[in-house]
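# what follows is a protein structure lacking sequence information:
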């Protein structure tokens, strides 16, 4: 840190984007998920990597530039199956109208290429977000959907009636469920009927709300077997495809 309280260029924290495939139930590539993670220490730093989801609105800007640049490559034929780009954001960031405008522009660019933008929101408990932003978040979600952008809810808890600020799940096209957390819950519960109730709840949500389920964080053969035993539509995790770095730059 320099005398002004800021970071010197040599030691400024890095941010980076990770990219990971999402597969359909028949093992075809369905989407690429892009997630912003920060901070990543500068290469000269001896500090071990310690990454967490980035909360800064401007962390989306380098991704917007990358998505916008796709418009220059229309001669490339879109992949027959891999036709979605999933962008992970913290839910409070969607209170920003400027960010919503950027997402709409990027969604239009991707649509020109035959792709669909999916915004994945990591929902936080309602007490962690100022209630004054709820109206803006919901309004911007409807704006995105009106422009053909799909929305995923990340971190929804299937094994109970999760506390959520949204009065309906009809806003969402997808629900992402952590298989590692679900596996732990099943082991702690110990009730054989719990699995059947969970299966029925997923079927009900899928039918009533037209929602597709994504099994997230599938890391090994046991979690893969659990995910396949439940009515998940899509699958994601290092068991199928390890995440790789897409972009690294200074703040």
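Nice, I can see it. Fair warning: this is a prediction, and the values are worked out from it, not measured in the lab.
# the lengthiest helix in the chain - what's its average pLDDT?
Scanning the chain for the longest helix, with DSSP state H as the assignment, gives helix 192-209. Averaging pLDDT along helix 192-209 yields 88.
# would you indicate which residues of it are buried?
By 16 or more other C-beta atoms under 10 Å, the buried positions in helix 192-209 come out as 198, 202, 205-206. C-betas here are computed from N, CA, C, even on glycine.
# now those in TSV, with distance to residue 101?
Putting the buried residues of helix 192-209 into TSV (distance: C-beta to C-beta, whole Å) gives the following:
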residue	distance to residue 101
198	39
202	35
205	31
206	32
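# roughly how far does the nearest residue to residue 170 once chain neighbours are set aside sit from residue 36?
Once flanking residues are discounted, residue 170 sits nearest to residue 209: 5.6 Å by C-beta to C-beta, 6 or more residues apart in numbering. Residue 209 is 28 Å from residue 36, where distance means C-beta to C-beta, to the nearest Å.
# where does residue 30 land in three-state SS?
At residue 30 the chain is in strand, as set by DSSP: H, G, I helix; E, B strand; the rest coil.
# so who does it touch?
Shown in contact with residue 30 (C-beta atoms under 8 Å, 6 or more residues apart in numbering): 21-24, 81-84, 234.
# mind giving me the ChimeraX select for those residues, buried ones only?
Of the contacts of residue 30, the buried ones can be selected in ChimeraX as follows, counting by 16+ other C-beta under 10 Å:
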select :21,22,23,82,83,84,234
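# lowest pLDDT pick from the contacts of residue 30?
Lowest pLDDT among those: residue 81, 71.
# which parts of stretch 97-115 count as buried, going by neighbours?
For stretch 97-115, by 16+ other C-beta under 10 Å, it's 99-100, 102-104, 106-110, 113, 115.
# just the ones in helices from those, please.
Using DSSP H, these in helices are 99-100, 102-104, 106-110.
# residues in contact with the closest residue to residue 117 other than its chain neighbours?
Nearest non-adjacent residue to residue 117, counting by C-beta to C-beta, 6+ apart: residue 107, 4.0 Å away. Counting by C-beta under 8 Å, 6+ apart, residue 107 makes contact with 116-117, 144, 147-149.
# and the contacts of residue 30 as JSON lines, adding distance to residue 139 and secondary structure?
Listed next are the contacts of residue 30 as JSON lines, based on distance: C-beta to C-beta, whole Å; DSSP: H, G, I helix; E, B strand; the rest coil:
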{"residue": "21", "distance to residue 139": "32", "secondary structure": "strand"}
{"residue": "22", "distance to residue 139": "28", "secondary structure": "strand"}
{"residue": "23", "distance to residue 139": "33", "secondary structure": "strand"}
{"residue": "24", "distance to residue 139": "32", "secondary structure": "strand"}
{"residue": "81", "distance to residue 139": "33", "secondary structure": "coil"}
{"residue": "82", "distance to residue 139": "31", "secondary structure": "coil"}
{"residue": "83", "distance to residue 139": "28", "secondary structure": "coil"}
{"residue": "84", "distance to residue 139": "24", "secondary structure": "strand"}
{"residue": "234", "distance to residue 139": "28", "secondary structure": "strand"}
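# per-residue pLDDT, the closest residue to residue 239 other than its chain neighbours?
Here the nearest residue to residue 239 in space, its sequence neighbours aside, is residue 218; by C-beta to C-beta, 6+ apart that works out to 4.7 Å. Confidence at residue 218, expressed as pLDDT, is 96.
# run a quick neighbour tally on residue 218.
26 (other C-beta atoms under 10 Å).
# cool, and residue 96?
Residue 96 has 18 nearby residues by other C-beta under 10 Å.
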